[in-house]
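**Student:** Sequence and predicted model, in that order:
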Amino acid sequence: MDYQQTLSEWFELYSDDVYHFLVYYAGSRDVEDLVQEVFIKAGRGMSNFKNESSPKTWLFTIARRVAIDESRKKKRRGLDEAVEYDDGRAAAERRTPEEQLLSDETKQALYEAINRLKTSYRDVVMMRAINECSIAESAAILGWKESKVKTTYHRAIKALQKQMSEKGDGQDAKTAGY
């Protein structure tokens, strides 16, 4: 097996997904560095990949660990600060300035609400709603049983809806696409 070729293909297929996952999870402006770290770790561990899960699932597992490590480093350094969400796609969209502003404000409010969730809720929302992983994939990445993924996701969505309605944005998790 040519690990270099496989890793290059995976980078082409999954780097955007890993990037978006890390934007939500790590909330860092240095997400590109974290994506690189994920693929470096994947390259080093390619011989351990057994095809028992999809490459995307395996990469998200690595990305989650990298994000947790980064969060711990920030807390030790005292740099844990709120960072605005910007996935870079807004400029490419063709909308009026008013529509763009409303959309950006809604995304920002949703991002902030997700970040206020407890860790287990945030993890499952990111897996299921943002990264569109199946229940089985989410369970594999998080190391949970499928029943826990379902239950925790349901509770997380309820918590998100409550946060969004309390904030009074006129927007909740259902109308935001979750």
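**Tutor:** Looks like it arrived, so ask away. Residues are numbered from 1 along each chain as shown.

**Student:** residues touching the residue nearest the centre of the chain, list them.
**Tutor:** Nearest to the mean C-alpha position of the chain, counting by Cα atoms, centre = their mean, stands residue 21 at 2.5 Å. Residue 21 makes contact with 60, 63, 64, 67, 126, 130, 131, according to Cβ atoms under 8 Å, 6 or more residues apart in numbering. Glycine gets a C-beta too; all of them are placed from N, C-alpha and C.

**Student:** And residue 60, by the same measure?
**Tutor:** Residue 60 neighbours (Cβ under 8 Å, 6+ apart): 17, 18, 21, 127, 131, 133, 137, 141.

**Student:** Would you mind giving the secondary structure of the third one?
**Tutor:** For residue 21, the reduced secondary structure class is helix; criterion used: DSSP: H, G, I helix; E, B strand; the rest coil.

**Student:** what ranges of this structure fall below the confidence cut-off?
**Tutor:** 1, 27-29, 78-104, 168-178 (pLDDT under 70).

**Student:** domain assignment for it?
**Tutor:** 1-83, 95-178 (automatic domain parsing).

**Student:** if we can go back for a sec, which two from the contacts of residue 60 end up farthest apart in space?
**Tutor:** 18 and 137 (13.8 Å; Cβ to Cβ).

**Student:** These two - which one has more neighbours?
**Tutor:** More crowded of residue 18 and residue 137, by other Cβ atoms under 10 Å: residue 18, with 24 against 20.

**Student:** show me what contacts that one?
**Tutor:** Here residue 18 is in contact with 35, 38, 39, 59, 60, 63 (criterion: Cβ under 8 Å, 6+ apart).

**Student:** How much space separates the third one from residue 9?
**Tutor:** Using Cβ to Cβ, to the nearest Å, one gets 12 Å for the distance from residue 39 to residue 9.

**Student:** of these two, who's got more company?
**Tutor:** residue 39 (19 against 12).

**Student:** Can you tell me how far that one is from residue 107?
**Tutor:** 26 Å.

**Student:** same check, this time on residue 3
**Tutor:** 37 Å.

**Student:** If you count surrounding residues, which of these two has more?
**Tutor:** residue 107 (17 against 14).

**Student:** can you tell me the helix or strand for that one?
**Tutor:** helix 97-116 (DSSP states H and E).

**Student:** phi, psi of residue 50?
**Tutor:** With angles defined as degrees, to the nearest 10, residue 50 sits at phi -110, psi 10.

**Student:** separation between it and residue 115?
**Tutor:** 34 Å.
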